[in-house]
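Q: predicted structure and sequence below. I'll ask about it afterward.
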Amino acid sequence: MQRFFYCIFLLPLLTCCTGYKVRMTLSDTEEHLRKAEIYGSREYASEYMDDARGGIRTAEGLVQRGRDLEALEAARAARFKASEAFRIARRSKVAVSLKNARDAITLVNENGAALINREVYDQMLDSLEKAERLFMMDELDSSFEHSKEVIYQAEILLEPLRKETEQKKENILKRMESARQAGKNPGEIVESLRKEAEAEYAVKNFRKAIDLWDKIDREIRGI
């Protein structure tokens with residue numbers, strides 16, 4: 001009889017504790033999802049995000065029907081999916097940043113921009129080495145910061161070439177317009193070269209773009 005009364009009194013308490021655990025687990029799940037979205041989880045871990053959201057809805061539905069133990073199980077499953085979404089998205093985002101850092105150095109080399117400031121270029125190489133090492137050590141936030149530094153330094157080295165390209169383009173377009181006003185048609189060759197120069201500029205191949213604008217300039221002068 002005494003055990004029966006204990007059960008009567010303990011049952012609401014256990015239910016209350018389970019309900020609290022469900023709420024806390026769902027709160028953790030939402031936090032994981034928010035952090036995952038910061039790292040682009042919709043791009044890198046959409047399936048896990050959808051599963052986690054579905055698990056939240058399932059758990060909430062079970063709570064409304066008073067099935068707290070099942071709700072807790074569903075909430076924990078949703079939390080696992082959300083934590084996986086965060087882990088995958090975070091690592092993927094950092095990996096992409098690391099690739100962009102490698103591409104930035106390649107771009108600097110292809111443009112011959114290392115000669116503009118050798119000290120900055122050496123800093124880029126050092127930052128890239130640290131980013132790769134930290135990535136392998138799973139120190140992802142630090143790796144991400146070093147990758148961003150490489151990309152920023154690349155922009156510094158490429159900026160003079162970008163400005164030179166834009167200035168050359170502006171001057172040559174003015175000459176092209178003057179040629180048209182004088183009744184001289186630059187022709188299809190010039191137009192084709194212009195499009196090629198614009199395409200190279202768009203992908204930051206400034207050296208190639210400059211060479212093409214110089215070629216256009218020679219074509220115009222020969223009209």
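A: Cool, the structure landed. Numbers count the residues shown, from 1 in each chain.
Q: show me the chain divided up by domain.
A: 2-89, 111-221 (automatic domain parsing).
Q: rank the ones you listed by pLDDT, which is bottom?
A: Here the lowest mean pLDDT among those goes to domain 2-89, at a mean of 84.
Q: where along the protein do the helices fall?
A: 2-38, 41-44, 46-64, 68-110, 118-136, 140-181, 187-202, 206-221 (DSSP state H).
Q: rebuild these as a markdown table, extending it with mean neighbour count.
A: For every residue, glycine as well, the C-beta is placed using N, CA and C. Formatted as a markdown table, those follow (neighbours: other C-beta atoms under 10 Å):
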| stretch | mean neighbour count |
| --- | --- |
| helix 2-38 | 14 |
| helix 41-44 | 18 |
| helix 46-64 | 18 |
| helix 68-110 | 20 |
| helix 118-136 | 16 |
| helix 140-181 | 17 |
| helix 187-202 | 15 |
| helix 206-221 | 18 |
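Q: picking up where we left off before, for K99, which of the domains of the chain is the nearest?
A: With C-beta to C-beta as the measure, domain 111-221 is the member of the domains of the chain nearest K99 (8.7 Å).
Q: how far away is the spatially most central residue of the chain from E166?
A: The residue lying closest to the centre of the chain (C-alpha atoms, centre = their mean) is K93, at 5.4 Å. Per C-beta to C-beta, to the nearest Å, K93 is found 32 Å from E166.
Q: repeat that for D217.
A: From D217 over to E166 (counting by C-beta to C-beta), the distance is 15 Å.
Q: cool, K35 as well?
A: For K35, the distance to E166 (C-beta to C-beta) stands at 40 Å.
Q: likewise K81?
A: 48 Å.
Q: what do you get for E37?
A: Applying C-beta to C-beta to E37 and E166 gives a distance of 37 Å.
Q: can I assume V150 is in contact with A131?
A: Yes - counting by C-beta atoms under 8 Å, V150 sits close enough to A131 to count as a contact (6.7 Å).
Q: need the overlap of contacts for those two.
A: In terms of C-beta atoms under 8 Å, 6 or more residues apart in numbering, V150 and A131 are both contacted by the residues A101.
Q: for R91, which non-adjacent residue is spatially closest?
A: Take R91 and drop its neighbours on the chain: the residue closest to it by C-beta to C-beta, 6 or more residues apart in numbering is L140, 6.3 Å away.
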